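Enquirer: pasting a predicted model and its sequence here:
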There are 2 protein chains.
Amino acid sequence: MVEAVEPVGRDKRVARSQAAVLAATYELMLEGGLAGVSVDEVSRRCGVAKTTIYRHWPSRSALLLDACSQMGTAVPVPDTGGLAGDLHILVEGLADQLRAPGWPAILPSIIDAAERDPDLARAHAELHRSLMDPFLDAVEQARRRGDIRGDRDPTAVVASLVGPLFYRRWFSREPLDAAFVDQVLDVALDVAGAAARQGSTSGGGARSGPVR
Amino acid sequence: MVEAVEPVGRDKRVARSQAAVLAATYELMLEGGLAGVSVDEVSRRCGVAKTTIYRHWPSRSALLLDACSQMGTAVPVPDTGGLAGDLHILVEGLADQLRAPGWPAILPSIIDAAERDPDLARAHAELHRSLMDPFLDAVEQARRRGDIRGDRDPTAVVASLVGPLFYRRWFSREPLDAAFVDQVLDVALDVAGAAARQGSTSGGGARSGPVR
DNA sequence: CGGAAAAACTACGAAACCGTAGCGTAGTGT
DNA sequence: ACACTACGCTACGGTTTCGTAGTTTTTCCG
C-alpha cells in the first residue's frame, strides 16, 4: 500500500509517523483487539497528531486493514529432506507462536471481523496464506516424492496438523504442552500416509525425545 | 441466573420482557458480534424500554454474559455401540452446525472477548464444555471398552477430531464438504488407536460408506 | 375490581468516538 | 537559503453509547 521501497528520496517524517502509528495500532490491537483501537487513542499513545493520521489513512478502517496486512511473518520453509523433519520444525514453530503473546490475542479479533467485513476477510486470507503456505509446501513436496498417499487432500492434511493446535489454544484453552504437540505430529504423519514412517506407530511420544 | 423454574407465580410481564430482550440480543450478536450489541439498539429492536432492560440486567456486560450463557445446545449423546458410529454422528452434527449460520457468526466474537474478559472466559468454558462433552464421553467410553489405545490423551483425540473442522470453518475458510469430514473421521479413528479398525488403513474413504 | 408491580416514555449528563478545518511551526530536499 | 511539505495544536460538529431519574400508563394478581 505504502511504497516504502524505491529510493525516491522520500521524506523521513512520513516514514517516522507511519511507523509510529502502525506500532501503536499494533500495540492497541494486542490489548483490546480490533475493537480496542481508536484513532484518538493511537494518536495519544504515539504522539502523532490525529490530523496527521488522517493525512495518511483515509479512515480508521483503512488503518486497521493496513496494520493487519503487516502482520504476516515470513516463515522460512525448512528442508530437512524428509516430511517428518520438516513438519516437526513447522509445527513446533507454530506451537511456539501460539504460546507466546502476540497474534494469539489478535487473530480471533480478525477472524471475528472477517466474518462480516469483506476487506478484512481478504486481509485474513492473505495472512492465512502466509502462515500456512510453508505447511502446504512441505506436504505437497512430500506428496510429489511419494511419501504421502495420493488420495489425501493436502489442505486436509494441513488441517489435521494445525487444526488441533488452533483448537487447543482458542477453543478448549487447555495447555499446549509438548506431549500434545507430539501426539498431533504423530497422528498427522499417520494420516499423511505411513510410507514415511519407520515403525513409530507404536511409540507415541518416543519420537519427540531425540528430535527435541 | 434468572430462576425461571419455580411456580412462584412469576409475573408474566417480566418473562415476556426478558425473553424479548434476550432474543433481540442474540439477533444483534448474529449480525455484529458482541461488539455489535448496544443496549439502545436492543431496546429499539425488541420494543422493550431501555430502563426496563436495566431493571433486569445491571449492565450491558451482564446482558451479554447472560445471552452467551444461554447458547449451549444440549446435544444428545448417541450410542450406536461402537466408537466409529458415535463419532460419525457427532462429527456430522458438528459440521452441520458449522455450515449453518448461527454460532459460527458468534463464537469468534466470544473467543476474542474471552481472551481478555475473565467473566466471558468462564462463559466460554462452559459453552465449550456443553459442546464438547459428548465427544469426550464417546471417546472415554470407547477407551474403557478398550477400543482405543490407552496412551492417547482423550482430550487430544477430541482435538484431532474437531480441531480440523473449526480450522476449516474459521481459519482457512475452505469448503467444509463431505469429503473433508470423512477424511477427518478416518484420520481420527486411526489416531484413536487401531484396536477398532479392521484393516482399513489402506482404504481411506472406504470406511465412511458402511458406517453411514 | 382495586392495589401493586412492571413497563413505557421522555429527558438528561457524561463520555468516547469519528472525521474535518484552520493556522502556525518545524523539518526536508534541492 | 528557500520553497515546500509534513506536522502539531486547538477546536469543532455530529453521532453513538452507557446508565440514571422522574413521571405516567399499562398490566397482572388476588
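Expert: Ah, there it is.
Enquirer: contacts and neighbour counts: CA atoms only from here.
Expert: Will do.
Enquirer: tell me the helix or strand right after the host helix or strand of residue A:87.
Expert: Counting by DSSP states H and E, the element that carries residue A:87 is helix A:83-99. The helix or strand immediately downstream of helix A:83-99 is helix A:103-114, counting by DSSP H and E.
Enquirer: give me the contact list for that next one.
Expert: By Cα atoms under 8 Å, 6 or more residues apart in numbering or on different chains, the surrounding residues in contact with helix A:103-114 are A:29-31, A:33-35, A:97-98, A:120-122, A:124, B:33, B:105-106, B:108-109, B:111-112, B:115, B:170-171.
Enquirer: hmm, 6 Å instead?
Expert: Contact with helix A:103-114 is made by A:30, A:33, A:34, A:98, A:120, A:121, B:108, B:109, B:112, as judged by Cα atoms under 6 Å, 6 or more residues apart in numbering or on different chains.
Enquirer: and the residues you listed, which are buried?
Expert: A:30, A:33, A:34, A:98, A:120, A:121, B:108, B:109, B:112 (16 or more other Cα atoms under 10 Å in any protein chain shown).
Enquirer: closest to residue B:154 out of these?
Expert: Checking these against residue B:154 with Cα to Cα, the nearest one is residue A:98 at 21.4 Å.
Enquirer: local confidence estimate at that closest one?
Expert: Note for residue A:98: predicted pLDDT of 96.
Enquirer: can you tell me how far it sits from DNA strand C?
Expert: 28 Å (Cα to the nearest atom of the strand, to the nearest Å).
Enquirer: can you name the next helix or strand after the helix or strand harbouring residue A:163?
Expert: Element membership for residue A:163, per DSSP H and E: helix A:154-166. Sequence-wise, the next helix or strand downstream of helix A:154-166 (DSSP H and E) is helix A:178-192.
Enquirer: give the contact list for residue A:80.
Expert: residue A:86.
Enquirer: in terms of helix, strand or coil, where does it fall?
Expert: coil (DSSP: H, G, I helix; E, B strand; the rest coil).
Enquirer: what angle do helix A:178-192 and the helix holding residue A:87 make with each other?
Expert: Helix A:83-99 and helix A:178-192 are oriented at 140 degrees to each other (axes from the mean of the first three to the mean of the last three Cα atoms, to 10 degrees).
Enquirer: which residues does helix A:83-99 contact?
Expert: Contacts for helix A:83-99 (Cα under 6 Å, 6+ apart): A:78, A:79, A:80, A:104, A:142.
Enquirer: residues contacting the second one?
Expert: It stands for residue A:79. Here residue A:79 is in contact with residue A:86 (Cα under 6 Å, 6+ apart).
Enquirer: which bits of chain A sit near DNA strand D?
Expert: Within chain A, the positions adjacent to DNA strand D are A:11, A:13-18, A:47-52, A:55-56 by Cα under 7 Å from any atom of the strand.
Enquirer: give me the subset of the residues you listed lying in helices.
Expert: Within the residues of chain A next to DNA strand D, residues falling in helices by DSSP state H are A:13, A:14, A:15, A:16, A:17, A:18, A:50, A:51, A:52, A:55, A:56.
Enquirer: any of the residues you listed buried? List them.
Expert: For those, a burial check counting by 16+ other Cα under 10 Å picks out A:17, A:18.
Enquirer: so which of the ones in helices among the residues of chain A next to DNA strand D comes closest to chain B?
Expert: Comparing those against chain B with Cα to the nearest Cα places residue A:50 closest, at 23.9 Å.
Enquirer: can you tell me the SS state at the spatially closest residue to that closest one that is not a sequence neighbour?
Expert: Nearest residue to residue A:50, sequence neighbours excluded (Cα to Cα, 6 or more residues apart in numbering or on different chains): residue A:43, at 5.3 Å. Three-state call for residue A:43 (three-state DSSP): helix.
Enquirer: and the pLDDT at residue A:179?
Expert: Taking residue A:179 on its own, its pLDDT is 94.
Enquirer: that should have said residue A:174, apologies.
Expert: Reported pLDDT for residue A:174: 96.
Enquirer: go on, residue A:146?
Expert: pLDDT recorded at residue A:146 is 84.
Enquirer: what about it, neighbour count?
Expert: 13 (other Cα atoms under 10 Å in any protein chain shown).
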